[in-house]
Every structure is written in structure tokens, then in C-alpha cells.
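Asker: take a look and give me a structure for this.
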Amino acid sequence: MSVKPSATGDIPWRVSRTCESGACVMAARQGDYVVLGNSSQPEGPVSKYTRDEWREFLAGVKLGDFDDLV
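Answerer: A predicted model of the protein is given here:
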């Protein structure tokens, strides 16, 4: 689900330690949700996922399910 940035408030964003370009995915936990945004557009739209959705996505990443996208 995409939400407006104002709905995220002041939450502690995390960005990968390998992010050097300044245009990276940023993530934060907001209650029972994980919120994703773009570090090059911190005021831009964000996507909100349940913790279960995020957990399943990370499991797929760890298994290499998305490796062909890069």
C-alpha cells in the first residue's frame, strides 16, 4: 500500500551501509508495518507492508528469488 509521506511522521529510516549513490531504498518500522521509501526523494511517496509481508519478502531475497532483477 502506498501512503503519503506525512503519514510516516518522524520515523527512524535505515539505509544499507553499501548505499553510496544517495539513491537507495530506505526502510523503517512503524508500529506493525514496515515502510519503504527512496532516499533520493525523502519527501516522496512510501510503501507500507505488514511485518508478515516483509518477512516473506526477506526470506525470498535470502533464497535468491530476485537475483535475476539486478
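Asker: okay, CA-based contacts and neighbour counts for the rest of this
Answerer: Fine.
Asker: for the residue nearest to the spatial centre of the chain, which non-adjacent residue is spatially closest?
Answerer: Centroid-nearest residue in the chain: residue 36, 2.5 Å away (criterion: CA atoms, centre = their mean). In this structure, residue 36 finds its nearest non-sequential neighbour in residue 27, 4.5 Å apart by CA to CA, 6 or more residues apart in numbering.
Asker: circling back: mind checking the SS state of the residue nearest to the centre of the chain?
Answerer: strand (DSSP: H, G, I helix; E, B strand; the rest coil).
Asker: hang on, it packs against residue 26?
Answerer: Yes - counting by CA atoms under 8 Å, residue 36 touches residue 26, with 5.6 Å between them.
Asker: sorry, back to before: is the residue nearest to residue 36 within a helix or a strand, and which one?
Answerer: strand 25-30 (DSSP states H and E).
Asker: now the helices for this structure?
Answerer: 51-62 (DSSP state H).
Asker: average pLDDT for stretch 40-57, rounded please.
Answerer: Averaged across stretch 40-57, pLDDT comes to 93.
Asker: buried set for that stretch?
Answerer: 45-49, 51 (16 or more other CA atoms under 10 Å).
Asker: count of neighbours near residue 28?
Answerer: Residue 28 has 17 neighbouring residues, counting by other CA atoms under 10 Å.
Asker: grab the nearest non-local neighbour of it.
Answerer: residue 13 (4.8 Å).
Asker: do you know how far the spatially most distant residue from the centre of the chain is from residue 61?
Answerer: Centroid-distance maximum for the chain: residue 68 at 19.5 Å, with CA atoms, centre = their mean. Separation of residue 68 from residue 61 (CA to CA, to the nearest Å) stands at 11 Å.
Asker: circling back to that earlier point, how about the buried residues of stretch 40-57 in CSV, adding distance to residue 22?
Answerer: Putting these into CSV (distance: CA to CA, whole Å) gives the following:
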residue, distance to residue 22
45, 17
46, 17
47, 19
48, 21
49, 23
51, 26
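Asker: most widely separated two among those residues?
Answerer: Farthest pair in those (CA to CA) is 45 and 51. Separation: 19.2 Å.
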